[in-house]
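*Asks:* Quick one, structure for this:
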Amino acid sequence: MRQKSGWVLLLLMLTGVVLGGFVGNMAQGISWLSWLSYGQSFGFDSPLVLDLGILVITFGLNIKITMAGIIGVVIALLVYRAL
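*Replies:* So this is what the prediction gives:
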């Protein structure tokens, strides 16, 4: 039995989240698929700015989890198991 790489799992999960988010965003205007865009968003409302005089660093994070993103992650996990 061969060892499965954690990097492959990470790549597949990121792909599932991105594609799921894209599908959820596209399904927003379709009435019978609008449930795919239902989700929760969390993170910083406005970016945190650290001004050090010479260097300005801006921190920001906003994550939106949708039903389509969750379905994308589940499909990615199923693909990983099949590998």
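
*Asks:* export the longest helix anywhere in the chain as CSV, just CAs?
*Replies:* What stands out as the longest helix in the chain, according to DSSP state H, is helix 6-26. C-alpha atoms of helix 6-26 as CSV (Å, rounded to 0.1, in the frame of the first residue of the first chain):
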residue,chain,number,x,y,z
GLY,A,6,-0.7,15.4,2.8
TRP,A,7,0.1,18.0,0.1
VAL,A,8,-2.3,16.3,-2.3
LEU,A,9,-5.0,16.4,0.3
LEU,A,10,-4.4,20.1,1.0
LEU,A,11,-4.4,20.9,-2.7
LEU,A,12,-7.6,19.0,-3.3
MET,A,13,-9.3,20.6,-0.4
LEU,A,14,-8.3,24.1,-1.5
THR,A,15,-9.5,23.3,-5.0
GLY,A,16,-12.8,22.1,-3.5
VAL,A,17,-13.3,25.3,-1.5
VAL,A,18,-12.5,27.5,-4.4
LEU,A,19,-14.6,25.7,-6.9
GLY,A,20,-17.4,25.4,-4.4
GLY,A,21,-17.3,29.1,-3.7
PHE,A,22,-17.4,29.8,-7.4
VAL,A,23,-20.4,27.6,-7.9
GLY,A,24,-22.1,29.1,-4.9
ASN,A,25,-21.5,32.6,-6.2
MET,A,26,-22.8,31.7,-9.7
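
*Asks:* Give me the buried stretch members for the helix or strand harbouring residue 73, please.
*Replies:* Using DSSP states H and E, the element containing residue 73 is helix 67-82. Buried positions in helix 67-82, judged by neighbour count with 16 or more other CB atoms under 10 Å: 67-73, 76, 80. All C-beta atoms are positioned from the backbone trio N, CA, C, and that covers glycine.
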